[in-house]
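>>> with the sequence up front, the predicted model follows.
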Amino acid sequence: MVVSKDGPVNLGTVLPAAMGKIRRVSAIPTLWHGIQFRSRLEARWAAFFTELKIPWEYEPAELEWYVPDFIIGFKRRRLLVEIKPTEEDFEYAKHKIKHSGWDGDALIAVSGQTREWGLMLDGDTPWDAAMLGYCLKCKTPTIVSVGGRWECRSCDGGNRDIWWAFDCSEAWNMAGNATQWRART
Ligand SMILES: [Zn+2]
């Protein structure tokens, strides 16, 4: 419950932009490999992508009213990535991406503990679950929408070229360890 000067406010009626500001407050800036991330969770995703050898750029572009967290430079189809701590943030993230002017594919990522990282916009396919696979043809990880094109984002590999049992949990845990807070000695 949030209380304003006019009395209690139902958060469900607050504009999405205002909700974003409220959530930002709890983020802890985190330095990792010389880059200042807005939150420890973003730093963890950067470490995770690096562990998986997925090429990423942090806050590389300014769109309409919106700076995406990451853009992944897959060779055939780039991917905008927005990092969110919980699935409750999906609607706000979709709203921001929709109005940003970005016309490519997008991922709202919540956790790398399993192959299902979050929600994905893939070409003309509506938002659907995102899934990680490993392309045996070009030997790189790739991410698809379950309801979209099951194709590698880096080469012309299709469904049969991609190994769908790729386990990323160890890389996720390593990324967590690499970006946790440590006292300076
Ligand atoms: Zn490939």
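Alright, I've got the coordinates.

>>> how about the residues of this protein by the ion?
135, 137, 138, 152, 154, 155, 157 (C-beta under 5 Å from the ion). (Glycine included, C-beta is placed from N, CA and C.)

>>> can you tell me the closest non-neighbouring residue to the third one?
Just to be clear, that refers to residue 138. residue 155 (3.9 Å; C-beta to C-beta, 6 or more residues apart in numbering).

>>> secondary structure element for that neighbour, which one?
Secondary structure from DSSP states H and E places residue 155 outside every helix and strand.

>>> likewise residue 126?
Going by DSSP H and E, residue 126 is part of strand 125-135.

>>> with just CA atoms, put that strand into CSV.
The C-alpha trace of strand 125-135 is given here as CSV (Å, rounded to 0.1, in the frame of the first residue of the first chain):
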residue,chain,number,x,y,z
THR,A,125,4.6,-14.1,-33.2
PRO,A,126,2.9,-12.6,-30.2
TRP,A,127,4.7,-12.6,-26.8
ASP,A,128,5.4,-16.2,-25.8
ALA,A,129,7.8,-18.2,-23.6
ALA,A,130,11.5,-17.9,-24.4
MET,A,131,13.6,-21.0,-24.6
LEU,A,132,17.4,-21.5,-24.7
GLY,A,133,18.9,-24.0,-27.1
TYR,A,134,22.4,-24.8,-28.4
CYS,A,135,22.9,-24.7,-32.2
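
>>> ok, and what's touching it?
Around strand 125-135, the neighbours that count as contacts under C-beta atoms under 8 Å, 6 or more residues apart in numbering are 94, 107, 109, 115-122, 140-149, 152, 154-155, 157, 161-164, 166, 168.

>>> which of the residues of the chain next to the ion sit farthest apart?
For the residues of the chain next to the ion, the farthest-apart pair by C-beta to C-beta is 137 and 154; their separation is 8.9 Å.

>>> who has more neighbours, the two?
Just comparing residue 137 and residue 154: by other C-beta atoms under 10 Å the higher neighbour count belongs to residue 154, 20 against 15.

>>> now stretch 107-121, how far from the chain's geometric center?
7 Å (C-alpha atoms, centre = their mean, to the nearest Å).

>>> sitting in strands, which of the contacts of strand 125-135 do you find?
Using DSSP state E, the subset of the contacts of strand 125-135 located in strands is 107, 109, 116-122, 140-145, 162-163.
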